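> starting from these lines, generate the structure:
(one chain, ligands or ions: 1)
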Amino acid sequence: MNRIAPIKAEPRRSVDEITASRRLRRMRKADWSRRLVQENRLTVDDLIWPIFLVEGENVRQEIPAMPGVFRLSVDVAVREAERAARLGIPALATFPNVDMALRDQTGSAILDENNLINRGTRAIKAAVPEIGIITDAALDPFTSHGHDGILRDGIIVNDETVDQVAAGAVLQAAAGSDIIAPSDMMDGRIGAIRDALDAAGFPDVAIMSYATKFASAFYGPYREAIGTKGLLKGDKKTYYIDPANTDEAIRETEQDILEGADMVMVKPGLPYLDICHRLKETFALPTFAYQVSGEYTMIEAAAANGWIDGERAMLESLLAFKRAGCDGILTYFAPRVAELLQK
Ligand code: PBG
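I've put the predicted structure just below:
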């Protein structure tokens, strides 16, 4: 007979002997008790809604790689801002899809006080002054090569880029932006923007640093949204952080805080929760995560195929940021979540 003998179950200790009568399932037994012991909660106050702007009037353009997200002309963006305010969403982050004809080697259109992003800010602030506006002072929507910096002889030149970004940030503040969120990862940009804002009479405009922005594959759909996908040659590894590095992320963040960042952000989000947690533990600053386009798209695509429950995955992914220590999340799900939470 070659059957394996059954493992003898007895004698063994009882479960109460094993756990010393500690049973963690006691508090999980009912909805009321689970609610009572729930440690983290997602609320509408945690949400920042990134929106895409495009020229025109009454335009609502689909973005194929981001089902459910649209490029909005400024007038439509104003209506969406009104909706966001009614839902209680604290702030919007705007990203422009700039006319190709206006993009050039140095991203000079960031220095146009009436560029798309600044017109968006003015219009939204005029109609919905109670909602916060966060603007990205970065060159990538404005450059003909899709990089976040000025490109000379194949090199992204740091200091010249910083001057341009700081000047652009002042124009964004003048248009009514409440928070400047520079996403380009140039060295010295936070201090330069702080100096420029203060010198221009905007001491109350805050800076949210994209302190740790990783050279990530998850930005793909965003590049389609703002039209940099076909332009970008090469990668952004000379300015974004290597996804392998944690200590470097800490040093980047420390530097940005010393230069004057009021809040810090981790980007992408879910694959970098360890960074979120470590930043909050280390610096105790308002800490945000950007659930980026690729993260949004993965959930949407799987849900569209019926492979996951999209609504539950959305809520769980956002709650994970709270558990990791984030104060809030930039997410394309913001209006959908806000509507759900209102119910
Ligand atoms: C670049 C920028 C990026 C995103 C916002 N601003 C990344 C990139 O194109 O390299 C990504 C946002 C997203 O993926 O949702 N300054």
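
> from here on, contacts and neighbour counts on C-alpha atoms
Fine.

> got the residues of the stretch 151-300 of the chain near the ligand?
Ser183, Asp184, Tyr219, Tyr222, Arg223, Val292, Ser293 (C-alpha under 6 Å from any ligand atom).

> pLDDT score for the third one?
So the one you mean is Tyr219. The confidence metric pLDDT takes the value 97 at Tyr219.

> what sits against it?
Val292, Ser293, Gly294 (C-alpha atoms under 8 Å, 6 or more residues apart in numbering).

> try it again at 10 Å.
By C-alpha atoms under 10 Å, 6 or more residues apart in numbering, the contact set of Tyr219 is Lys229, Lys267, Pro268, Val292, Ser293, Gly294, Glu295.

> again with the fifth one
For Arg223, the set of contacting residues under the criterion of C-alpha under 10 Å, 6+ apart consists of Ala65, Asn97, Asp140, Pro141, Gly146, Lys229, Gly230, Leu231, Leu232, Ser293.

> what residues sit buried inside the helix or strand encompassing it?
Per DSSP states H and E: Arg223 is located in helix 220-225. For helix 220-225, the neighbour count (16 or more other C-alpha atoms under 10 Å) marks Gly220, Pro221, Tyr222, Arg223, Glu224, Ala225 as buried.

> thinking again about what came up before, between the contacts of Arg223, which is nearest the ligand?
Ser293 (3.6 Å; C-alpha to the nearest ligand atom).

> my guess is that closest one meets Ala65, correct?
Yes - counting by C-alpha atoms under 10 Å, Ala65 is a contact partner of Ser293 at 8.7 Å.

> any shared contact partners between those two?
Joint contacts of Ser293 and Ala65 (C-alpha under 10 Å, 6+ apart) are Gly220, Pro221, Tyr222, Arg223, Glu224, Ala225.

> any chance of CSV for the residues you listed, columns distance to Leu285?
Listed next are those as CSV, based on distance: C-alpha to C-alpha, whole Å:
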residue, distance to Leu285
Gly220, 29
Pro221, 30
Tyr222, 27
Arg223, 29
Glu224, 32
Ala225, 31
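
> mind checking which of the contacts of Tyr219 are in strands?
Lys267 (DSSP state E).

> what's the lowest-pLDDT member of the contacts of Tyr219?
Lys229 (89).
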